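> Just a sequence and a predicted model for now, questions to come.
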Amino acid sequence: TYVVTENCINCKFTDCVEVCPVDCFYAGENFLVINPDECIDCGVCEPECPAEAIFPDTDERSAGWLETNAKYASQWPKITQKIPAMAEADEWDGKPDKTPLLSP
Ligand code: SF4
Ligand code: F3S
């Protein structure tokens, strides 16, 4: 599976949801997740993310994020179409230590 990781937080560009063939993205207030049970590992979302926040779960940059994706995929509503990015998405892109800011 692919997973969404830290740099999505407070950016939420949502380009990723447009390309997913199985519509397996779920949206929280300031973060998106992939449902690992639905993702077919096609990889097309990875290059679409302007924040480069999507990686295979086997990538070292995904460490710890599979659990977060699975957890919120069962709680948040499905999202299938692009919406406006968060107001200060460009400012937040690349900021370190955003994990504590994730809204449940
Ligand atoms: Fe969807 Fe493919 Fe990305 Fe999985 S890898 S979330 S199936 S676009
Ligand atoms: Fe997040 Fe990137 Fe998608 S910032 S919403 S994973 S396009």
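Alright, I've got the coordinates. Ligands and ions are numbered 1, 2, ... in the order given.
> which parts of this structure sit against ligand 2?
4, 8, 11-16, 32, 49, 51, 53-54 (Cβ under 6 Å from any ligand atom). For glycine as for every other residue, the C-beta is placed from the backbone atoms N, C-alpha and C.
> Give the PyMOL command for selecting the buried subset of the residues you listed.
Applied in PyMOL, the following selects the buried portion of the residues of the chain next to ligand 2 according to 16 or more other Cβ atoms under 10 Å:
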select buried, resi 4+8+11+12+13+14+16+32+49+51+53+54
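> Out of the residues of the chain next to ligand 2, which sit inside helices?
15, 16 (DSSP state H).
> Contacting ligand 1 as well, which ones from the residues of the chain next to ligand 2?
Of the residues of the chain next to ligand 2, not one also sits near ligand 1 (Cβ under 6 Å from any ligand atom).
> Kindly reformat the residues of the chain next to ligand 2 as JSON lines containing pLDDT and distance to residue 68.
Putting those into JSON lines (pLDDT from 0 to 100; distance: Cβ to Cβ, whole Å) gives the following:
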{"residue": "4", "pLDDT": "99", "distance to residue 68": "8"}
{"residue": "8", "pLDDT": "98", "distance to residue 68": "11"}
{"residue": "11", "pLDDT": "98", "distance to residue 68": "16"}
{"residue": "12", "pLDDT": "98", "distance to residue 68": "15"}
{"residue": "13", "pLDDT": "98", "distance to residue 68": "18"}
{"residue": "14", "pLDDT": "98", "distance to residue 68": "18"}
{"residue": "15", "pLDDT": "98", "distance to residue 68": "20"}
{"residue": "16", "pLDDT": "98", "distance to residue 68": "16"}
{"residue": "32", "pLDDT": "98", "distance to residue 68": "11"}
{"residue": "49", "pLDDT": "98", "distance to residue 68": "16"}
{"residue": "51", "pLDDT": "98", "distance to residue 68": "16"}
{"residue": "53", "pLDDT": "98", "distance to residue 68": "12"}
{"residue": "54", "pLDDT": "99", "distance to residue 68": "13"}
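> Narrow the residues of the chain next to ligand 2 to those in strands?
4, 32, 54 (DSSP state E).
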